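Asker: no FASTA, just this:
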């Protein structure tokens, strides 16, 4: 039955000669696997093919992305690079400001904090 998803529950159960409480018999499962192969996707790695143990299959998982790689991905955006460059220039100009007031460092600090916040939020998503 290739279009079981379009049929009613009663039609599917009647086609496979089962009830809602009794599933396929061992013989029906064996015959179905011989005819159609195991019920798995290409990405699925069978844990075991032993029918008698009725074991589940596990999905193949990709290794997690390292934290340092996720952080570096945040700086691939050109706008972020422009903002960091302007913050660095603003910081250098604040060092050479003659008044010696700390308020000159507020602008580059706010830009850096904004980039940091955006990067952290993006990494969490």
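Answerer: Received it, and whenever you're ready, just let me know what you need. Keep in mind the model is a prediction, meaning the values are calculated, not measured.
Asker: which sections of this structure are below the confidence cut-off?
Answerer: Across the chain, the ranges flagged by pLDDT under 70 are 1, 40-60, 100.
Asker: Got the domain ranges for it?
Answerer: 4-59, 67-124 (automatic domain parsing).
Asker: Pick the most deeply packed of the ones you listed.
Answerer: Highest mean neighbour count of the domains of the chain: domain 67-124, a mean of 12 (counted as mean count of other C-beta atoms under 10 Å). Heads up, the C-betas are built off the backbone N, CA and C, glycines and all.
Asker: From one end of it to the other, what's the distance?
Answerer: This stretch, domain 67-124, spans 11 Å end to end (C-alpha to C-alpha, to the nearest Å).
Asker: From the chain's centre, how far out is it? Work that out for me.
Answerer: 28 Å (C-alpha atoms, centre = their mean, to the nearest Å).
Asker: Ok, stretch 17-29 next?
Answerer: Remark: stretch 17-29 is offset 36 Å from the chain centroid, using C-alpha atoms, centre = their mean.
Asker: what about the strands in the protein?
Answerer: 44-45, 58-59 (DSSP state E).
Asker: quick one, helices of this protein?
Answerer: Along the chain, counting by DSSP state H, helices occupy 9-16, 26-36, 67-73, 78-95, 106-124.
Asker: Pipe these into JSON lines and attach distance to residue 3 per row.
Answerer: JSON lines is the format used below for the helices of the chain (distance: least, C-beta to C-beta, whole Å):
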{"stretch": "helix 9-16", "distance to residue 3": "10"}
{"stretch": "helix 26-36", "distance to residue 3": "15"}
{"stretch": "helix 67-73", "distance to residue 3": "43"}
{"stretch": "helix 78-95", "distance to residue 3": "49"}
{"stretch": "helix 106-124", "distance to residue 3": "42"}
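Asker: out of everything not next to it in sequence, what's closest to residue 90?
Answerer: Spatial nearest neighbour of residue 90, chain neighbours left out: residue 108 (4.2 Å); criterion: C-beta to C-beta, 6 or more residues apart in numbering.
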